[in-house]
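>>> Prediction below, plus the sequence it came from.
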Amino acid sequence: MKKKIMLIAMVSALSITSLAGCSSESNKKEQTKIDVPTEVFGDTIKYDPNVEVNNGEKVTIELWEWGSDELFESLIAGYTAIHPNVTIKLVNNPWEDYWTKLPLALDGENGPALFNIHNSYHENLINYLAPLDIPIEDLQADFTGVDAHIIDGKVYYIDYGMMTGTVYYNKDMWEAAGLTEADIPKTWDEMREVAKKLTIKNGDQIVQAGLNFNGDFHQNYLLGLNYQLGENIFKEDGTTPNVNSDTMKQIMQMLVDFYEVDGVGSKDFGEKGADSFGQGQSAMVIQWGHFYNTLNTTWSDINFGVFEIPTFDGNPYAYNRYNGESTFGINKNAPKDQQAVAQDFVKYYLANDNVQVAFNLAMSTFPAKKSLANNEEILKNPSLRVLAEHIDRYIWPGPMPETVENSLKRAGEEVFYNGVDIDTAFDEAQATIEKDMKNSSFVSVENLYKYAK
């Protein structure tokens, strides 16, 4: 039996203030013991803690990230406890600066050996990445979605977790409306009726919105519900957008009807649906997994529940899209000894179940590691638990260029705020995306979906 790693402390609370292996600035703080593993651990991808890194000689590397210091410090502490000859300097950059500074650093001689990746910046980073030194078949055996990351027979990073949308509802408002768990909607028709019951008005003025999608209807509805109706975001060539389709316009019309026919919300009832929910003014919102953490920190007084996104007929081609939270990138221009440490660090990260659970809980993502699908800690998170049954029915379209989301958001705003008809707004969005993607290397990976037609 493999020895337990004390990084499990990250899983429950992420409350470690100081760990062995961190910088000397931590010496004044209470030290937390790390039980160093002595036996090989992992599923198909295995990690042997008895193998020296860099022949036991001292080596220092940098790891760049954008704002989860405690999580990364814990990860680094676990690794350096096994390899005390390795020093990993954690460099935090604000998200707004990260994507400007990182490519510049990687283009030089002193860029970080390891760095956080977000797949929306794939095209800006891919030419700086070294492929993972792990057999592709091993990655495929342990993790979901690996095929979508294979480029010319190599993998440069994968997803450790999958984030998607679920419905958050205010339990107090639900009870006040006379609703019970038996009323949780499975279809959009049922969703409309529930939203009506949750709406409170003073005359024509909305006091409590039954459903609010202001600010993010493009992310949670327009770019996702198309799959429920059997249609991809991109056409068969994988590069031509499919946003001015009858299906996309049908979804937009449903949103308009929610507000203008059913009256369960309004374009003027708060700029952002998420904020309105957190402020106790809206009864239901569809948000991605990160909203679970936001509610527990920023709006902890909201008594909320979560259920899976409704479908049109109860038997969808797919429930929605997801986006992956990415593993680390390795700088191909880093010195060879630093690259070797970075490769070893990534293998440790992927093999370690406790670390994988900790990262997924911190980001509120469903684990891409197959063996963790029924993990007890993961399923304690309600926004993840409701995904467990159908997680293989969510699609990743690939690292879509920003113009796709931006153009659809603009189209919806034109319809809601400027009275532009749906056909015109979506035809303009199609033209804009095609123009912006003219020189893009993006190719959709929707065809790799498990149940692709």
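Looks like it came in fine.
>>> can you pull the contacts of residue 234?
Residue 234 makes contacts with 240-242, 397, 444, 446, as judged by Cβ atoms under 8 Å, 6 or more residues apart in numbering. No exception for glycine: its C-beta is placed from N, CA and C like everyone else's.
>>> Just the buried ones from these, in PyMOL syntax?
Only the buried members of the contacts of residue 234 enter the following PyMOL selection, criterion being 16 or more other Cβ atoms under 10 Å:
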select buried, resi 241+242+397+444+446
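>>> out of the contacts of residue 234, who's nearest residue 121?
residue 397 (16.0 Å; Cβ to Cβ).
>>> Now do that closest one against residue 200, distance only.
37 Å (Cβ to Cβ, to the nearest Å).
>>> where exactly do the strands run in the stretch 251-400 of the chain?
With DSSP state E, counting those that start in this stretch as the criterion, the stretch 251-400 of the chain has strands at 284-288, 304-307, 320-321, 323-326, 329-330, 366-367, 394-395.
>>> of the ones you listed, which approaches residue 110 most closely?
strand 329-330 (15.5 Å).
>>> for stretch 151-165, how far is the first residue from the last?
Terminal residues of stretch 151-165 lie 28 Å apart, using Cα to Cα, to the nearest Å.
>>> What of stretch 172-183?
Start and end residues of stretch 172-183 are separated by 14 Å (Cα to Cα).
>>> Among the contacts of residue 234, which one sits closest to residue 315?
Nearest to residue 315 out of the contacts of residue 234 is residue 446 (Cβ to Cβ; 19.3 Å).
>>> ok, now how distant is the nearest residue to that closest one once chain neighbours are set aside from residue 351?
Distance criterion Cβ to Cβ, 6 or more residues apart in numbering; nearest residue to residue 446, sequence neighbours excluded, is residue 232 at 4.5 Å. Residue 232 is 34 Å from residue 351, where distance means Cβ to Cβ.
>>> same check, this time on residue 340
17 Å.
>>> between these two, which one's more packed in?
Shown here are residue 340 and residue 351; by other Cβ atoms under 10 Å, residue 351 has more neighbours (22 against 19).
>>> Identify the residue nearest the more buried one in space, chain neighbours excluded?
Distance criterion Cβ to Cβ, 6+ apart; nearest residue to residue 351, sequence neighbours excluded, is residue 42 at 3.2 Å.
>>> cool, residue 229 as well?
Here the residue nearest residue 229, using Cβ to Cβ, 6+ apart, is residue 247, at 5.0 Å.
>>> Surely the one you found touches residue 226?
Yes - between residue 247 and residue 226 a contact is recorded at 5.3 Å, counting by Cβ atoms under 8 Å.
>>> Give me the phi and psi angles of the nearest residue to residue 402 once chain neighbours are set aside.
Spatial nearest neighbour of residue 402, chain neighbours left out: residue 120 (6.7 Å); criterion: Cβ to Cβ, 6+ apart. Backbone torsions for residue 120, taken as degrees, to the nearest 10, come to phi -70, psi -10.
>>> which ones are touching residue 120?
Shown in contact with residue 120 (Cβ under 8 Å, 6+ apart): 399-400, 402.
>>> Now with 10 Å, please.
Contacts for residue 120 (Cβ atoms under 10 Å, 6 or more residues apart in numbering) come out as 99, 323, 326, 399-402, 405.
>>> Give me the contacts around stretch 147-154.
The contact list for stretch 147-154, computed with Cβ under 10 Å, 6+ apart, reads 119, 122, 126, 129-132, 136, 139-140, 143, 155-159, 324, 326-327, 395-399, 444-450.
>>> Quick check: end-to-end length of stretch 40-58?
End to end - Cα to Cα - stretch 40-58 spans 23 Å.
>>> pLDDT at the residue nearest to residue 402, what is it?
Listed pLDDT for residue 120 reads 89.
>>> Quick one: distance of stretch 126-144 to the chain centre.
How far stretch 126-144 lies from its chain's middle: 19 Å, per Cα atoms, centre = their mean, to the nearest Å.
>>> Let me see the mean pLDDT of that stretch.
Mean predicted confidence for stretch 126-144 is 98.
>>> Kindly report the same for stretch 38-45.
What stretch 38-45 shows for mean pLDDT is 97.
>>> Please state the offset of that stretch from the chain centre?
26 Å.
>>> List the buried residues in that stretch.
41-45.
>>> Could I get those in TSV, plus columns for distance to residue 306 and secondary structure?
Below are the buried residues of stretch 38-45 laid out as TSV (distance: Cβ to Cβ, whole Å; DSSP: H, G, I helix; E, B strand; the rest coil):
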residue	distance to residue 306	secondary structure
41	32	strand
42	31	strand
43	29	coil
44	32	coil
45	31	coil
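>>> dump the residue contacts of the spatially most central residue of the chain.
Taking Cα atoms, centre = their mean, the centroid of the chain lies closest to residue 163, which sits 3.5 Å from it. By Cβ under 10 Å, 6+ apart, residue 163 lies in contact with 288-290, 322-325, 360, 363-366, 383-384, 387, 394.
>>> domain assignment for this protein?
8-162+324-383, 165-321+393-448 (automatic domain parsing).
>>> Where among the ones you listed is average confidence lowest?
Here these differ in mean pLDDT, and the lowest is domain 8-162+324-383 at a mean of 89.
>>> tell me how far that domain is from the chain's mean position?
On Cα atoms, centre = their mean, the centre of domain 8-162+324-383 falls 16 Å from that of its chain.
>>> Same check on stretch 318-336?
Offset of stretch 318-336 from its chain centre (Cα atoms, centre = their mean): 11 Å.
>>> ditto for stretch 164-182
Its chain's average C-alpha position is 24 Å from that of stretch 164-182, according to Cα atoms, centre = their mean.
>>> Any buried residues in that stretch, and which?
Residues of stretch 164-182 classed as buried: 164-170, 173-174, 177, 179 (neighbour count, 16+ other Cβ under 10 Å).
>>> In this model residue 176 seems to touch residue 303, though I could be wrong.
No - assessed by Cβ atoms under 10 Å, residue 303 is found out of contact with residue 176, at 11.3 Å.
>>> Would you mind grabbing the residues shared as contacts by those two?
Taking Cβ under 10 Å, 6+ apart as the contact rule, residue 303 and residue 176 both touch residue 170.
>>> that's a helix at residue 412, yeah?
Yes - counting by DSSP: H, G, I helix; E, B strand; the rest coil, one finds residue 412 located in a helix.
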